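**Student:** no sequence on this one, just coordinates:
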Ligand SMILES: [Zn+2]
């Protein structure tokens with residue numbers, strides 16, 4: 001089936017279509033145009049501009065045809081209308097994750113060794129040993145999800161740990177952040193990493209006191225191994241995406257921005273779309289590399305696709321723009337800071353203030369190239385120095401060429417300076433650009449490692465959501481899955497509670513002054529996220545003419561005590577008016 005290009009319908013067009021049906025906000029019956037599905041007897045949090053809560057909602061042809069009181073909405077139902085009695089339960093717009101690596105993450109879930117729940121080094125090594133039992137000698141074993149902050153030993157895994165169980169197979173275990181990992185000796189030999197190998201530009205080979213590589217490779221130092229690790233087959237890639245979509249539906253998530261993809265992932269998305277299996281809104285960012293030449297190649301790939309908000313498959317798949325990395329990670333202490341990193345909370349990592357992962361002037365040339373071509377840019381920036389450089393770059397290219405609405409973003413934006421916050425506020429207001437795409441769950445899932453590395457003072461500047469609100473800055477919420485678990489309820493909770501997983505340095509090393517309430521948190525996972533996916537005309541709130549993307553919950557997130565947000569259970573997920581998930585009855 002050929003791929004069709006659709007323009008996002010403007011709500012006004014839907015209004016025209018529905019004229020005669022809705023008069024003065026009251027739904028009126030009209031022959032031949034009755035609702036196909038109605039939800040009633042609920043508390044529907046519409047997340048419209050006034051945060052209106054209604055009882056009922058009517059759907060026709062995948063779109064919301066009316067919202068309001070039960071008596072008005074039920075009048076739109078006819079003999080053929082399907083009715084869902086919410087029995088007092090709460091519904092929200094389908095949740096939106098503005099940064100989740102669902103294509104890669106799904107492949108990992110299906111085909112790699114899982115380490116996100118191991119709590120000791122021995123346990124991690126045991127998982128590797130069990131995984132090797134199914135492999136032929138010489139075959140690569142891949143695993144992911146480990147984090148020294150969750151290990152009792154509070155240290156990195158090492159090649160020596162792994163070599164005992166893997167003499168005959170190369171092993172690569174990616175850290176949960178994706179910014180470093182550990183190789184065994186067989187993998188290092190194949191990758192030609194030894195005592196005399198210098199650190200690459202923008203990368204670190206971790207070494208012991210004698211200068212021998214420990215197996216831990218950070219940032220660009222991973223490239224030598226990653227070049228040898230076998231990529232997923234096209235079929236594995238497709239299965240990985242389907243696995244992720246299934247998980248998203250279970251969590252009430254109906255739209256995702258998948259950053260940093262390349263052609264094989266795009267091809268997998270398109271093939272699933274053409275087979276009618278892409279039951280999710282997906283907006284992708286193409287990886288632009290770290291040079292002007294790689295940026296030009298990415299621009300060529302993007303130029304072959306429709307520009308957002310145009311989509312493939314009626315809003316299902318959008319080629320949204322590009323991703324560039326300005327720096328590394330708060331986990332690896334490679335993010336680019338103004339002052340040196342800490343270790344173990346109060347120790348100094350003297351001489352290490354991280355580094356840019358793209359040469360700063362080259363980065364500026366890359367952004368200018370994309371901006372002048374009218375392409376959305378998302379830049380990964382964690383450290384304060386990296387974030388300053390990114391927002392100043394956006395300000396510069398926008399001053400040169402004041403195109404509004406490209407929504408350039410600061411991905412992660414972990415510890416913005418006061419200057420960066422001022423620039424974000426100015427650029428959002430003037431050009432609809434410089435939006436943080438922030439992951440509140442970092443404070444939880446990576447929180448103990450983060451508190452150790454940022455140190456007690458800097459930690460209070462992490463993810464300043466309340467300051468954003470005061471400055472009128474909107475942000476997209478997200479998980480950075482598989483860096484943290486994909487469920488958006490964790491992000492809703494973490495935006496409000498700011499608590500770490502283990503409390504190694506106290507439960508609230510990031511303070512609570514920057515906490516926001518659930519109303520703001522939900523906006524960041526709905527309408528503000530929709531804006532960062534170029535889909536705010538279509539999704540993100542439950543309003544007339546928008547797609548009927550809805551999640552039904554076991555509890556009312558506006559009413560429950562905030563510690564319970566983390567345990568919300570999705571009971572029903574609707575995409576384009578179709579039920580795509582029903583929780584099994586307990
Ligand atoms: Zn990411």
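**Tutor:** That came through, no problem. Being a predicted model, the structure only gives us computed values, none of them experimental.

**Student:** give the contact list for the nearest residue to residue 497 once chain neighbours are set aside.
**Tutor:** In space, and not counting its chain neighbours, residue 497 is closest to residue 562: 5.9 Å by CB to CB, 6 or more residues apart in numbering. No exception for glycine: its C-beta is placed from N, CA and C like everyone else's. Under the criterion of CB atoms under 8 Å, 6 or more residues apart in numbering, the neighbours of residue 562 are 493, 496, 497, 518.

**Student:** so what's the residue positioned nearest the centre of the chain up against?
**Tutor:** Computing the C-alpha centroid of the chain and ranking residues by CA atoms, centre = their mean puts residue 99 first, at 1.9 Å. By CB under 8 Å, 6+ apart, the residues touching residue 99 are 257, 259, 411, 412, 437, 439, 476, 478, 479, 480.

**Student:** which SSE is the last one in?
**Tutor:** Pointing back at residue 480 there. For residue 480, there is no enclosing helix or strand under DSSP states H and E.

**Student:** ok, it - how many residues close by?
**Tutor:** Close neighbours of residue 480, defined as other CB atoms under 10 Å, add up to 28.

**Student:** over to the fifth one?
**Tutor:** When counting by other CB under 10 Å, one arrives at 27 neighbours for residue 437.

**Student:** three-state assignment of it?
**Tutor:** strand (DSSP: H, G, I helix; E, B strand; the rest coil).

**Student:** mind listing the residues bridging to it?
**Tutor:** With DSSP bridges as the criterion, residue 437 is bridged to residue 411, residue 476.

**Student:** ok, it to residue 533 distance?
**Tutor:** 10 Å (CB to CB, to the nearest Å).

**Student:** any weak-confidence spans in the chain?
**Tutor:** The chain contains residues with pLDDT under 70 at 1-32.

**Student:** hmm, try it at 50
**Tutor:** 1-27, 29 (pLDDT under 50).

**Student:** can you tell me the closest non-neighbouring residue to residue 301?
**Tutor:** Per CB to CB, 6+ apart, closest to residue 301 is residue 286, 5.9 Å.

**Student:** is it true that that neighbour touches residue 264?
**Tutor:** No: at 11.9 Å, residue 286 does not count as touching residue 264 under the criterion of CB atoms under 8 Å.

**Student:** those two: which is more packed in?
**Tutor:** Comparing residue 286 with residue 264 by other CB under 10 Å, the one with more neighbours is residue 286, at 24 against 14.

**Student:** partners of the helix or strand hosting the more buried one in the sheet?
**Tutor:** For residue 286, the element it lies in under DSSP H and E is strand 281-287. In the sheet, strand 281-287 lines up against strand 253-261 (parallel), strand 317-325 (parallel) (DSSP bridges).

**Student:** could those strands be laid out in TSV, adding distance to residue 358?
**Tutor:** Compiled in TSV, these are given as follows (distance: least, CB to CB, whole Å):
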stretch	distance to residue 358
strand 253-261	13
strand 317-325	6
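
**Student:** I'd like those as TSV, with mean neighbour count appended.
**Tutor:** TSV is the format used below for the strands paired with strand 281-287 (neighbours: other CB atoms under 10 Å):
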stretch	mean neighbour count
strand 253-261	27
strand 317-325	26
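
**Student:** of all those, which one is nearest residue 486?
**Tutor:** Using CB to CB as the measure, strand 253-261 is the one of the strands paired with strand 281-287 that comes nearest residue 486, at 7.2 Å.

**Student:** what sits closest to residue 328 if chain neighbours are left out?
**Tutor:** Ranked by CB to CB, 6+ apart and with sequence neighbours excluded, the top spatial neighbour of residue 328 is residue 334, at 2.9 Å.

**Student:** I'd like to know which elements the strand or helix carrying residue 107 is packed against.
**Tutor:** According to DSSP H and E, residue 107 maps onto helix 102-111. With contacts defined as 3 or more CB pairs under 8 Å, 6 or more residues apart in numbering; DSSP states H and E, helix 102-111 has these neighbours: strand 141-146, helix 234-250, strand 253-261, helix 263-274.

**Student:** and the third one, how far out from the chain's middle?
**Tutor:** Averaging C-alpha positions (CA atoms, centre = their mean, to the nearest Å) puts strand 253-261 6 Å from its chain's average.

**Student:** any residues touching that strand, and which ones?
**Tutor:** Outside strand 253-261, the residues touching it (CB under 8 Å, 6+ apart) are 94-103, 248, 265, 280-287, 320, 323, 378, 411, 437, 476, 478, 486-488, 529-530, 532-533, 535, 539, 549, 551, 573, 575.

**Student:** re earlier: most packed of the helices and strands packed on helix 102-111?
**Tutor:** Of the helices and strands packed on helix 102-111, the one with the most neighbours on average (mean count of other CB atoms under 10 Å) is strand 253-261, at a mean of 27.
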